[in-house]
Every structure is written in structure tokens, then in C-alpha cells.
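Chemist: I need the structure of the sequence given here:
(4 chains)
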2 protein chains.
Amino acid sequence: MADPKRTADERFARFKDHLRAQRLKSTAQRDTIVKAFIESQRHISVEELYTEVRRRNPRIGYATVYRTMKLLTECGVAAERHFRDGEARYESAEKQHHDHLICEGCGKIVEFEEPRIEQLQEDIAKRLGFQFTGHKMELYGLCRDCRRSRHHVAG
Amino acid sequence: MADPKRTADERFARFKDHLRAQRLKSTAQRDTIVKAFIESQRHISVEELYTEVRRRNPRIGYATVYRTMKLLTECGVAAERHFRDGEARYESAEKQHHDHLICEGCGKIVEFEEPRIEQLQEDIAKRLGFQFTGHKMELYGLCRDCRRSRHHVAG
DNA sequence: ACATAACTGAAATTGATTTTCAGAATCGAC
DNA sequence: GTCGATTCTGAAAATCAATTTCAGTTATGT
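Modeler: Just a heads-up that it's a prediction; the model follows:
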């Protein structure tokens, strides 16, 4: 596994490169938000990120967080996901393709890959006359912990 | 294939039964909305349905359409879907389970089933310690027609 | 017919996200 | 370094889909 510090630096640098390439400006607010995102846990929501950003600099506004996440998505550092709860969540776009298994009890998100599913999806698209471009796939279930507490409630 | 008229009547009757069972009231507005939905094409949005409903009775409000679609979903006549475009779409819940392949060019929606994918999904959930409860899966692609027009634009 | 619980439309509200706008900061030219 | 055009920023307003409120209306059981 790669040195996480180095990876973080690389991602930050990629963001800075994007700004330069697009003739956008480097600002303290953007730096703060991007660093907070890069150091964050996976699948963070804007609200969660905003809370952390505010901790670092309380004068940064909600809109700037939204605007900066859009930039991060454009330059391929972040990827936007929409699960069932209605608010966007962002994850690192570094990782190879994967999908998500989400616990309906506690919201825990587990990542997985399954090339056999991807293959079947391509086959289906082709069979129906489509050029396959992508998919959205989430599995839902109950994790072990939540099954245990359900049992308590139920009997 | 079943007689579509009979199926429509059955679905309307199921809605009426639901009202009775829940001690809710039959109203002209609800009847109009439900009939419009039942006669509609697959995957209709609330806005599209509202347009048709207004044609039949211009005094019916948006909120009533929303409220009635919720009832239809509760009694299993309609099923709510959320694709990429942000607004809910409703389809007949009569059909057996299926997923959707959506054209990114024209928005065309094709339904399909693939038991092998469902099986793999269950396997994944079990492997990761989850009790599988369901999935959300959409495939995206370009249909034949849209590929053709792309070619025109591109070359 | 009456009571009453449910329903309706319009308007207000919500929650996530985006836009507007006036002041502030960046960065490239001098 | 400082000027100036351009871009940014935060706060507040706006948007968009969906829900709720509310005061007046209607359906249903007796």
C-alpha cells in the first residue's frame, strides 16, 4: 500500500494543478476545505465536511464548501455519490472502480468489486442494443451488529 | 398476456380496497389521478402525471397528486423509482422484479432481469456478513439511435 | 340531515444545493 | 511593490422537488 502522506500530497498537488490549468485562484479557504476532505474518512457528506471545515476556520461558508467540492470532482480528486439518504457524499476518486453495500440499520458502507457482475451488465447492454457507459449499483442489507440488535427488539 | 383493460380495472379496484381498508375517503380527485396514472406510460414523473391530470380536471393541485401517488405506492399499485434526473418516477408495481437500462442520450428506459446478477449480489452480501435486503441497480448506455446521431455530430 | 373525520388547493415550508451580489483577495503586468 | 482586471467569498436569496399547514369543503356512518 502507498504511503498515505505521499498520496495526500499528490492529491493536493493535483488540485493545485487544476486551479493553475483553469486559471483559477488559490485561496486559503480552498486549501482548508481540500485538506479537510483529503484527511477525512470515506463517503463524507457536505454537512460533515462543513463541520470539520468550520472547526478549522469558522468564517468559511457553506457555499464555498459546495463550490470547492465541485472543483475537486472536476479534477478527479473526489467522486460524488448519491445513496438513499438524499444528500451527496464524496469519496476519493483515486481508488479503482467499486460499488457499495450499505447497512439499512446503521448506515455503514462497505465497498466491494465483482467483475462477474460488471461483465454480465455489459452483456445485457449489448444484447439490448446499447453501448454500455456505466452503472449505478448499491446493495442494501443488515450488518451483523444490526441483525443482533433487531433480535433483541423482536424477542 | 393479460387483458390490459381487466388489469387496469383490477388495479383501480385494489386502490379502492386500500381506501376502504384504511378508512380513507373516495374522492373525484383521487379517482382522476389514479385513472390517469393507470392509463399512463411507464416511468411517469409527477410533473408529467400532473400535466395529464390537469387536462382532465384543471382544479386539481400538485399536492394532491403527490399525496395520491403516495397512497398508490402504499397499496402496491405503483412503485417509486429514482433515476439520475432527480425527480421521482412511478411505474406499475404489478410486474415482477426488474432493473433498468437507461439511454444517456434520449432518456429511453428499457427493463431487464438477470437472475445471475441477483445471485451474485446475494453472495457478496453474505460474504461480507450482511443479510441481503435489496439493491438499486441502473445501467447506463447509448441506444442505437443516439449512437447514430453522435456519429453525425462527431464526424 | 348531521356530525366528524378526512380531504383539498393554495401557500408556506423544508432540505439540499445553487445563484446573486457587493465587498475582498489573487495574480500578472508594469 | 502597486495597480487593475478577474476571480472569490460569505450571506442571503433563490431554486427545485417534495411535504406540511391551514381554513374551508366533502365523504361517510348513523
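
Chemist: going forward, measure contacts and count neighbours with C-alpha atoms only.
Modeler: Noted.

Chemist: tell me the residues of chain A that contact DNA strand D?
Modeler: With Cα under 7 Å from any atom of the strand as the criterion, chain A meets DNA strand D at residues A:19, A:23-25, A:27-30, A:59-64, A:67-68.

Chemist: kindly recompute the last result at 10 Å.
Modeler: Counting by Cα under 10 Å from any atom of the strand, chain A comes close to DNA strand D at A:19-20, A:22-33, A:53-54, A:57-68, A:71, A:86.

Chemist: out of everything not next to it in sequence, what's closest to the residue most central in space within chain A?
Modeler: Chain A has residue A:91 as the residue nearest its centroid, 1.9 Å off, counting by Cα atoms, centre = their mean. Distances taken as Cα to Cα, 6 or more residues apart in numbering or on different chains put residue A:43 closest to residue A:91, at 4.8 Å, once the chain neighbours are dropped.

Chemist: and the longest strand seen in chain A, what does it pack onto?
Modeler: Looking across chain A with DSSP state E, the single longest strand is strand A:131-142. If you count contacts as 3 or more Cα pairs under 8 Å, 6 or more residues apart in numbering or on different chains; DSSP states H and E, strand A:131-142 packs onto strand A:99-103, helix A:115-127, helix B:115-127, strand B:131-142.

Chemist: for residue B:105, which of those is the nearest?
Modeler: strand B:131-142 (6.1 Å; Cα to Cα).

Chemist: residues in contact with residue A:36?
Modeler: A:49, A:52-53 (Cα atoms under 8 Å, 6 or more residues apart in numbering or on different chains).

Chemist: need the buried ones from these selected in PyMOL.
Modeler: Written as a PyMOL command, the selection of buried residues from the contacts of residue A:36, which uses 16 or more other Cα atoms under 10 Å in any protein chain shown, is:
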select buried, chain A and resi 49+52+53
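
Chemist: CA atoms only: put the longest strand of chain A into PDB for me.
Modeler: What follows is strand A:131-142, C-alpha atoms only, in PDB (Å, rounded to 0.1, in the frame of the first residue of the first chain):
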ATOM      1  CA  GLN A 131     -23.300   0.900 -25.900                       C
ATOM      2  CA  PHE A 132     -22.600   0.400 -22.200                       C
ATOM      3  CA  THR A 133     -21.200   3.500 -20.500                       C
ATOM      4  CA  GLY A 134     -21.600   2.800 -16.800                       C
ATOM      5  CA  HIS A 135     -23.800   1.800 -14.000                       C
ATOM      6  CA  LYS A 136     -25.100   2.700 -10.500                       C
ATOM      7  CA  MET A 137     -25.300  -0.200  -8.200                       C
ATOM      8  CA  GLU A 138     -25.900  -0.300  -4.400                       C
ATOM      9  CA  LEU A 139     -26.700  -3.300  -2.300                       C
ATOM     10  CA  TYR A 140     -28.700  -3.000   0.800                       C
ATOM     11  CA  GLY A 141     -28.700  -5.300   3.800                       C
ATOM     12  CA  LEU A 142     -28.400  -5.600   7.600                       C
END
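
Chemist: may I see the buried residues of the helix or strand that contains residue A:67?
Modeler: Using DSSP states H and E, the element containing residue A:67 is helix A:62-74. For helix A:62-74, a neighbour-count test (16+ other Cα under 10 Å) marks A:65-66, A:68-69, A:71-73 as buried.

Chemist: same check, this time on stretch A:114-121
Modeler: For stretch A:114-121, by 16+ other Cα under 10 Å, it's A:117, A:121.

Chemist: and the closest residue to residue A:26 other than its chain neighbours, how many neighbours?
Modeler: Among residues not flanking residue A:26 along the chain, residue A:19 sits closest, at 7.0 Å (Cα to Cα, 6+ apart). Residue A:19 is flanked by 16 other residues according to other Cα atoms under 10 Å in any protein chain shown.

Chemist: can you classify residue A:19 by secondary structure?
Modeler: Assigned with DSSP: H, G, I helix; E, B strand; the rest coil, residue A:19 falls in the helix class.

Chemist: can you tell me how far it is from residue B:12?
Modeler: In this view, residue A:19 and residue B:12 are 57 Å apart by Cα to Cα, to the nearest Å.

Chemist: my guess is residue A:35 meets residue A:12, correct?
Modeler: Yes - counting by Cα atoms under 8 Å, residue A:12 is a contact partner of residue A:35 at 7.2 Å.
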